[in-house]
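In: Pasting a predicted model and its sequence here:
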Amino acid sequence: MKVYRTARTAMTALRRNPMRALLTTLGIVIGVGAVIAMMEIGTGSSAAIQKTIATMGANVLLILPGTAASGGVSFGSGSVTTLTPQDGEAILRDSPAMRNVAPIVRARTQVVYGNRNWVPQQMIGTTPEFLDIRDWTGLTEGDAFTERDVLNANKVCLIGRTLARELFQGESPIGREIRVKNISFRVVGVLSAKGANMMGSDQDDILLTPWTTLKYRVTGSTLSNPNQSAASSTSSSVNTLNKLYPGSAPELYPKQSETQAANTPLPVRFANIDQLLAAARSPEEIPAAIQQITEILRERHRIRTGEPDDFTIRDMTEMTNTLTSTTRLMTNLLLCVAMISLVVGGVGIMNIMLVSVTERTREIGLRMAVGARARDILRQFLVEAVVLCLVGGAAGILLGHGGSRLVELLLRWPVATSLPAIAAAVLVSASVGIVFGFYPAWKASRLDPIDALRYE
Amino acid sequence: MELIELHNICKTYHLGDIAVPVLKGVSLKIARGEMVALMGASGSGKSTLMNILGCLDRPTSGEYWLDGRDVSTLSADERAQVRNHSFGFVFQNFNLLPRTSALENVAMPLSYTAGHLSERQARKQARKVLEQVGLSDRLDHEPSQLSGGQQQRVAIARALVNNPPLIFADEPTGNLDSRTSAEVLEMFQQLNGRDSITIIIVTHDALVARHARRVIHIHDGLIVEGAYAGGIEAAPRPADPASPAAELGGIG
Ligand SMILES: Nc1ncnc2c1ncn2[C@@H]1O[C@H](COP(=O)(O)OP(=O)(O)OP(=O)(O)O)[C@@H](O)[C@H]1O
Ligand SMILES: [Mg+2]
């Protein structure tokens, strides 16, 4: 009731000079408008970036073999310098921050179907976990290959939408045989469309097979398995894998006894893979995951303290963070400018309120004469300033919101309405009113009624 | 008990190091229902005394008893309260809020009372006192749309809106021509006669002072006792047909 009456008095006082009130609030209108527009455009673009990154697989870590280990560097006895699928298994087993790990073998060759051919941008040998790690949920058609296909190096594959379109042109690819380096693969599924990634390359131009198949049947040259003939045969087992995965093939040779094994230390050779793709449980756990992976791999690769790692961990969030922090930086920068204009608006309000107090000295004297206490006068002028700022803030919110909509419409920038920004704008404009209105109001309340009444 | 009792009131202004004594020991009593004219030469300290009486200012020394209560030692906020409840002020230059309707001007003091009135009641009260001063057809007029006399009547209505027992008027006719001056003074007499509001008018115009029942002369910061304007006060009121108060009494 008291507040209502004070607010009414303030409104009446402001209505007495509407043009001045309008000009006074202009600074606040522009300041708040700028803040709102910046916030909406800023949150819009960071949301868009986050969405782009999510399609590339959030929480993803890429583990690459060290440069010193790649190429024709000979491996010293007892040291394993490149990544193996066992590394991946160990990471998944020993690192609590990891959700999933998949080995990756890459190739780039021609794919032929009938009289059509295509070289997919990515030909990846992996395990079914790959799809989970990349958040590649759902297939358009068919089913993913299975763990069993990996064990047996079955000649099956999943193809992306682009590849399907290029090779099959409308036909259903399921069950068809495509040829890669004269080896025929049965298409078991078509991946859902994922679109271009952030760098603009088409993520749907892809072929996925079990990594064993790609490694031992297609890119046989890098095979570390001495029994190469077995790999090129059509048999469903690969010699190296018998140790790695409990194979279904019968033992060809009698098993070594413990003593025999100790006496003839065969150099343990593992199948090298090109990369490990790993997913952390959450983006927050990525730093922990990186540390755990580093520890596990250093131990497995027997790297002494002080020696450099023989692998590299590439962090997608690094890129994510760079991009989001860049946009955030820009937004914050613009926000600072907008805040400065708010402060300038506040100074404008203070200026006009001071003029107003001087101009209305007689009114203040009169109000005091008829019984207004100092605090009544203080409150009246403070409320006037706050009302001015809130009205300006409301107009600014409309202006800023309209501005960002316009930007969305004309420039096609992504924007997002930000309720916290609006709440903050209301709060900030009210506090600007209080902060910058206080001095003039205090000055008014300190006037002596007699002097004020006599003021010319 | 007297409404106002001053005991040896002194007021000294300080201009730098120089002390300017304006009131040098004023003692006086004003009873409830009196209509008093405060007269004196320019610079004699009439307005200064008036400000002290109106609780706008505090005396340098001396006692001021208002209705049995010592108000010379009250704090600024307490004095504001006293002004709001007990006094109405009418000024030479009207002091109305510009670009504000007569009704709003009159209702303004009510927003500083303890808030026992709702907005509607306040407007009703303002309308009532405006009717009382004969301006019921000018409620929505702004000061610039009113004549000087009408403006002063709005100011009188504003002084009346809180039903104060006491009204101070500092040169209320100073800016008015003789005809409107008479109107305003008649209004004061009416208020004094009918509603028995105590009225204190500051003036240096003997014609204005003639409307009062008692005249207090102030000379050089001191009350000159026993001086009356035009001898009107010497005669008992009802017996004097020349007295405007008597005329009014006849009307009322
Ligand atoms: N704030 C002040 N500071 C110093 N001197 C003052 C102050 N106010 C008034 N005076 C002095 O006090 C004296 C009396 O002033 P006051 O206003 O009471 O005179 P007045 O009788 O009302 O005169 P007038 O008829 O012209 O209105 C004057 O000489 C004036 O200079
Ligand atoms: Mg004076």
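Out: That came through fine. Ligands and ions are numbered 1, 2, ... in the order given.

In: residue contacts, B:L166?
Out: If you count contacts by Cβ atoms under 8 Å, 6 or more residues apart in numbering or on different chains, B:L166 has them with B:3-4, B:86-88, B:197-200. For the C-beta atoms, the positions are set from N, CA and C on the backbone; glycine is no exception.

In: most surrounded residue in these?
Out: For the contacts of B:L166, the largest neighbour count, defined by other Cβ atoms under 10 Å in any protein chain shown, is 29 neighbours, found at B:G88.

In: quick revisit: just the ones of the contacts of B:L166 in helices?
Out: Members of these lying in helices (criterion: DSSP state H): B:S86.

In: Serialize the contacts of B:L166 to CSV and add fields for pLDDT and distance to chain A.
Out: Supplementary listing: the contacts of B:L166 in CSV, determined by pLDDT from 0 to 100; distance: Cβ to the nearest Cβ, whole Å:
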residue, pLDDT, distance to chain A
B:L3, 92, 19
B:I4, 94, 18
B:S86, 93, 10
B:F87, 95, 8
B:G88, 95, 8
B:I197, 94, 16
B:T198, 96, 18
B:I199, 96, 17
B:I200, 96, 15
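
In: what's the residue of the stretch 101-250 of chain B found nearest chain A sitting at in phi/psi?
Out: At 3.8 Å from chain A, B:P109 is the closest residue in the stretch 101-250 of chain B, using Cβ to the nearest Cβ. Per-residue torsions, B:P109: phi -60, psi -20 (degrees, to the nearest 10).

In: if I read this right, it contacts B:R158, doesn't it?
Out: Yes. With contact defined as Cβ atoms under 8 Å, B:P109 counts as touching B:R158 (6.4 Å).

In: overlap in contacts of the two?
Out: Where contact means Cβ under 8 Å, 6+ apart, the residues bridging B:P109 and B:R158 through contact with each are A:V370.

In: pLDDT below threshold where in the chain?
Out: Assuming you mean chain A. By pLDDT under 70, the low-scoring segments of chain A are A:1, A:53-58, A:66-81, A:197-199, A:220-253, A:255-256, A:258, A:260-270, A:316-320.

In: Chain B was what I was after
Out: Looking along chain B with the criterion set at pLDDT under 70, you get B:114-115, B:225-252.

In: Could you rerun that using 50?
Out: For chain B, residues meeting the criterion pLDDT under 50 lie at B:227-252.

In: longest helix of it?
Out: Looking across chain B with DSSP H, the single longest helix is helix B:178-194.

In: Packing partners of it?
Out: strand B:35-39, helix B:148-160, strand B:166-170, strand B:198-203, helix B:244-251 (3 or more Cβ pairs under 8 Å, 6 or more residues apart in numbering or on different chains; DSSP states H and E).

In: which residues touch the residue of the stretch 101-250 of chain B closest to chain A?
Out: Going by Cβ under 8 Å, 6+ apart, B:P109 touches A:370-371, B:84, B:158, B:161-162.

In: Show me which residues of chain A are close to ligand 1?
Out: Applying the criterion Cβ under 6 Å from any ligand atom, no portion of chain A neighbours ligand 1.

In: Chain A - how does it break down into domains?
Out: A:3-53+A:323-454, A:60-226+A:269-281 (automatic domain parsing).

In: Could I get those domains in a markdown table, plus columns for mean neighbour count and distance to B:G40?
Out: Putting those into a markdown table (neighbours: other Cβ atoms under 10 Å in any protein chain shown; distance: least, Cβ to Cβ, whole Å) gives the following:
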| stretch | mean neighbour count | distance to B:G40 |
| --- | --- | --- |
| domain A:3-53+A:323-454 | 19 | 18 |
| domain A:60-226+A:269-281 | 18 | 91 |
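
In: for B:N163, helix, strand, or coil?
Out: Recorded secondary structure, B:N163: coil (DSSP: H, G, I helix; E, B strand; the rest coil).

In: typed the wrong thing, it's A:G396
Out: Secondary structure state of A:G396, per three-state DSSP, is helix.

In: And for the one 10 residues further on?
Out: In three-state terms, and counting by three-state DSSP, A:L406 is helix.

In: can you tell me which residues contact it?
Out: A:L406 sits next to no residue when contact means Cβ under 8 Å, 6+ apart.

In: which SSE is A:E141 in?
Out: Secondary structure here is read from DSSP states H and E; on that basis A:E141 sits in strand A:139-142.

In: Give the partner strands of that strand in its sheet and their orientations.
Out: The strands that strand A:139-142 pairs with in its sheet are strand A:183-191 (antiparallel) (by DSSP bridges).

In: Convert the C-alpha atoms of the strand it pairs with to PDB, please.
Out: As requested, the backbone C-alpha atoms of strand A:183-191 are provided in PDB (Å, rounded to 0.1, in the frame of the first residue of the first chain):
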ATOM      1  CA  ILE A 183      37.500 -59.400 -51.600                       C
ATOM      2  CA  SER A 184      33.800 -59.400 -51.400                       C
ATOM      3  CA  PHE A 185      32.000 -58.000 -48.300                       C
ATOM      4  CA  ARG A 186      28.400 -58.600 -47.500                       C
ATOM      5  CA  VAL A 187      26.600 -55.400 -46.600                       C
ATOM      6  CA  VAL A 188      24.700 -56.100 -43.300                       C
ATOM      7  CA  GLY A 189      23.600 -52.600 -42.500                       C
ATOM      8  CA  VAL A 190      23.300 -49.000 -43.600                       C
ATOM      9  CA  LEU A 191      24.200 -46.300 -41.100                       C
END
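
In: which residues are in contact with it?
Out: Counting by Cβ under 8 Å, 6+ apart, the neighbours of strand A:183-191 from elsewhere in the structure are A:131, A:136, A:139-145, A:155-161, A:164, A:173-179, A:204, A:206, A:208-209, A:213, A:217-218.

In: In strands only, show me those residues.
Out: Those of these mapping onto strands are A:139-142, A:156-159, A:177-179, A:206, A:208-209, per DSSP state E.

In: rewinding a little: please state the offset of the strand holding A:E141 from the chain centre?
Out: Here the centre of mass of C-alpha atoms in strand A:139-142, compared against the chain's by Cα atoms, centre = their mean, to the nearest Å, lies 27 Å away.
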